[in-house]
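**Student:** coords please:
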Amino acid sequence: SLNLFYRLCSSDISVDRTTYNTMLKQLQHHSSVMGTNSDHWKGKRLENTSLMDQALDVLKIMQEKGAKGDMITYSYVLSICRKFQHTKHMERVFSSMKAAGVEANEVIYNTMLHALRHEDGSLPRMTDLMSEMKQTGLKPNTITY
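**Tutor:** From the prediction side, this is the model:
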């Protein structure tokens with residue numbers, strides 16, 4: 001389906017946000033399926049990051065084509081990056097999301113916080129995210145903690 005997606009994007013056919021989100025949903029699903037043996041991967045960075053690279057590529061194409069992502073778009077990409085334990089990519093995607101004027105919800109903040117808790121020296125960043133979350137009117141929930 002990714003090959004068809006790339007051909008569609010390189011054609012004169014207009015691709016909307018729903019199409020991009022559908023592609024990202026499929027990539028997110030595949031990354032979840034890979035995680036079914038999570039005990040094997042626990043604490044390890046996955047070597048095969050092609051799904052993450054593809055998700056980042058879809059987001060890049062979307063931005064280049066002028067389509068505006070929404071909370072769902074960024075949630076899928078962040079979820080995939082989290083699966084592969086790439087917090088640096090997550091930080092870039094999160095910044096890109098905010099720069100595009102897309103507000104984060106509890107799911108996005110929780111995804112960021114849960115990824116950062118595995119990083120050494122991330123407590124200050126986690127504290128900043130919690131403060132930011134509260135400033136936007138969102139309340140931490142049981143998943144946050």
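**Student:** right, and the helix or strand after the helix or strand bottoming out on mean pLDDT in the chain?
**Tutor:** Lowest by mean pLDDT, DSSP states H and E among the helices and strands of the chain is helix 38-41, with a mean of 44. Of the helices and strands lying after helix 38-41 in sequence (DSSP states H and E), the nearest is helix 50-64.
**Student:** can you show me the CA trace of the next helix or strand after that next one as CSV?
**Tutor:** Later in the chain than helix 50-64, the nearest helix or strand by DSSP H and E is helix 71-83. These are the backbone C-alpha positions of helix 71-83, laid out as CSV (Å, rounded to 0.1, in the frame of the first residue of the first chain):
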residue,chain,number,x,y,z
MET,A,71,-3.9,15.9,16.1
ILE,A,72,-4.5,12.4,14.7
THR,A,73,-1.7,12.8,12.2
TYR,A,74,0.8,13.7,14.8
SER,A,75,-0.5,11.2,17.3
TYR,A,76,0.2,8.4,14.8
VAL,A,77,3.7,9.6,14.0
LEU,A,78,4.6,10.1,17.7
SER,A,79,3.3,6.7,18.5
ILE,A,80,5.4,5.0,15.8
CYS,A,81,8.5,7.0,16.9
ARG,A,82,7.9,5.9,20.5
LYS,A,83,7.7,2.3,19.5
